[in-house]
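Peer 1: Model the structure of this input:
(one chain, ligands or ions: 1)
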Amino acid sequence: MRSGRDHRNVGCALVPEDSIDHATLRHHGDVDARPGMLDFAVNVQGDAPPPWLRERLAARLDTLGRYPSAEEELAARTAVAARHGCSPDEVLLLAGGAEGFAMLPRLSPTLAAVLHPSFTEPDLALREAGVEVARVVLEPPYALDPALVPEAADLVVLGNPTNPTSVQHCAATILELRRPGRIIVVDEAFADAVAGEPESLAGLAGSAAPDVLVLRSLTKTWALAGLRCGYWLGAPEVLARLNHGRAHWPLGTLQVEAITATAEPAAVAQAQQHAKVIAAERRSMVERLTALGIEVHTPADGPFLLLHVPDGALLRKHLAEQGIAVRRADTFPGLGPNHLRVAVRGADAVDRLIAAIRAALC
Ligand SMILES: Cc1ncc(COP(=O)(O)O)c(C=O)c1O
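Peer 2: Next up, the predicted model:
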């Protein structure tokens, strides 16, 4: 079933800067989930990293007394490069994907086109740096239409799979956005939650395709939100522009260790195995929510689902009263108050969610 819309704002718009509420753009799921609540609002998998990763990080605690070395940083870039089939100089380590977005203005775009509905940090980071931003707001089924992007845009930013719609765009369609002088930025923060990563451009970004930049985050799959880990994949000269002006020692030894560890083959295999679990849980959630009469946006490929309900604010209130947090989605340009986002979770958590929604709808 396709979700409906509350606001029509389709196509491309240069939204005047003084009409943008920056606080709204900075609203993320962590604000919706208070401690102790059953959390469907934040898309992190689990409460903490898996035991093997915790042990590996704990074993490095004594490195906190010194600065991260160039050798450790190179080892992390080498591990990431091996994971994606590129070279270490095509990897730039980040203190989380959010740091990567904050670097985008260093590419000095004259017009940045940002696809919506999508994660709002790139839009915000570009605006706060004074870059002109054209919002390209897709309508259901939120399929990427390259023709909607202004020809003048020399930077295009989109997510794949996309938060919050869970839509996965075809890599080939993304590449149709390529134009001379334009850089395409693909936020693949959730790509490792998709089995096989079929539409990832991680293997392309680099010297062979200097106009493609891919951002990856370790936050979600590895429950490392509090450590801040991610990386850019791209051509060395583009990465150098992004890196310019950055503080020295931007990542600590534990961040560097986490990036190294999660790029190793056994970790990648574990993530891919978990992606299959997520796919099965997602299928079950779609069935169960649809059976309650909730509109669930499909096809969905991410570890979260976009819902459309009759009264979003009321349902959120009912669920919160029962200790369940879901993500309001009206802070995403193009969505409205009756859109909600829920993380894909296991059967026990979903049992509680379904029971609570059923009670609220009665
Ligand atoms: C789509 C998407 N991209 C990037 C990020 C940034 O993640 P982090 O800065 O934790 O790596 C998030 C966080 O919610 C996200 O949802």
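Peer 1: make it CA atoms for all contacts and neighbour counts henceforth
Peer 2: Will do.
Peer 1: can you list contacts of stretch 18-37?
Peer 2: Residues from elsewhere that reach stretch 18-37 (C-alpha atoms under 8 Å, 6 or more residues apart in numbering): 39-43, 120-121, 124, 320, 323-328, 331-332.
Peer 1: Can you turn the buried part of these into a PyMOL selection?
Peer 2: Listed next is the PyMOL selection for buried residues among those, using 16 or more other C-alpha atoms under 10 Å:
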select buried, resi 39+40+41+42+43+120+121+124+320+323+324+325+326+327+328+331+332
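Peer 1: mind listing which of the contacts of stretch 18-37 are in strands?
Peer 2: Asp39, Ile324, Ala325, Arg327, Arg328 (DSSP state E).
Peer 1: so what's the residue of the stretch 101-250 of the chain at minimum distance from the ligand up against?
Peer 2: As assessed by C-alpha to the nearest ligand atom, the ligand sits closest to Ser217 within the stretch 101-250 of the chain, at 4.2 Å. Each residue near Ser217 by C-alpha under 8 Å, 6+ apart is listed here: Gly96, Gly97, Glu188, Ala189, Phe190, Cys229, Gly230, Tyr231.
Peer 1: So for it, what's the nearest residue that isn't a sequence neighbour?
Peer 2: Nearest residue to Ser217, sequence neighbours excluded (C-alpha to C-alpha, 6 or more residues apart in numbering): Gly230, at 4.1 Å.
Peer 1: So which residues of the stretch 201-350 of the chain form helices?
Peer 2: Ranges of helices within the stretch 201-350 of the chain are 236-243, 253-263, 265-291, 312-321, 347-361, based on DSSP state H, counting those that start in this stretch.
Peer 1: Please identify the most buried of those.
Peer 2: Of all the helices of the stretch 201-350 of the chain, helix 253-263 carries the top mean neighbour count, a mean of 22, counting by mean count of other C-alpha atoms under 10 Å.
Peer 1: quick revisit: now do the same for the residue of the stretch 101-250 of the chain closest to the ligand: its pLDDT.
Peer 2: You'll see Ser217 listed with a pLDDT of 98.
Peer 1: picking that back up, nearest to the ligand, out of the ones in strands among the contacts of stretch 18-37: which one, please.
Peer 2: Closest approach to the ligand among the ones in strands among the contacts of stretch 18-37 (C-alpha to the nearest ligand atom): Arg327, at 11.4 Å.
Peer 1: right, and that closest one touches Leu38 too?
Peer 2: No. Counting by C-alpha atoms under 8 Å, Arg327 does not reach Leu38; the two are 11.9 Å apart.
Peer 1: Give me the domain ranges for the chain.
Peer 2: Under the assignment automatic domain parsing, the domains of the chain span 22-48+268-361, 64-265.
Peer 1: Which of the ones you listed has the lowest mean pLDDT?
Peer 2: Among those, domain 22-48+268-361 scores lowest, with a mean of 94.
Peer 1: quick one: contacts for Leu144?
Peer 2: Leu138, His169, Thr173, Ile174.
Peer 1: quick revisit: from Arg179, how far out is the residue of the stretch 101-250 of the chain closest to the ligand?
Peer 2: 26 Å (C-alpha to C-alpha, to the nearest Å).
Peer 1: is stretch 299-315 anywhere near the ligand?
Peer 2: No. Stretch 299-315 does not reach the ligand (C-alpha under 6 Å from any ligand atom); its nearest approach is 10.0 Å.
Peer 1: Straight-line length of that stretch, end to end?
Peer 2: End to end - C-alpha to C-alpha - stretch 299-315 spans 24 Å.
Peer 1: ok, now stretch 338-350?
Peer 2: With C-alpha to C-alpha as the measure, stretch 338-350 spans 20 Å from end to end.
Peer 1: starting at the chain centroid, how far to it?
Peer 2: Centre-to-centre, stretch 338-350 and its host chain are 17 Å apart (C-alpha atoms, centre = their mean, to the nearest Å).
Peer 1: Count the neighbours of the closest residue to Thr120 other than its chain neighbours for me.
Peer 2: Counting by C-alpha to C-alpha, 6+ apart, Leu25 is the residue found nearest to Thr120 once chain neighbours are left out, at 5.6 Å. By other C-alpha atoms under 10 Å, 18 other residues sit near Leu25.
Peer 1: Repeat that for the one 5 residues further on.
Peer 2: By other C-alpha under 10 Å, the residues close to Asp30 number 16.
Peer 1: Helix, strand, or coil at it?
Peer 2: helix (DSSP: H, G, I helix; E, B strand; the rest coil).
Peer 1: Could you tell me which residues make contact with Gln45?
Peer 2: Gln45 neighbours (C-alpha under 8 Å, 6+ apart): Lys220, Thr221, Trp222, Ala223.
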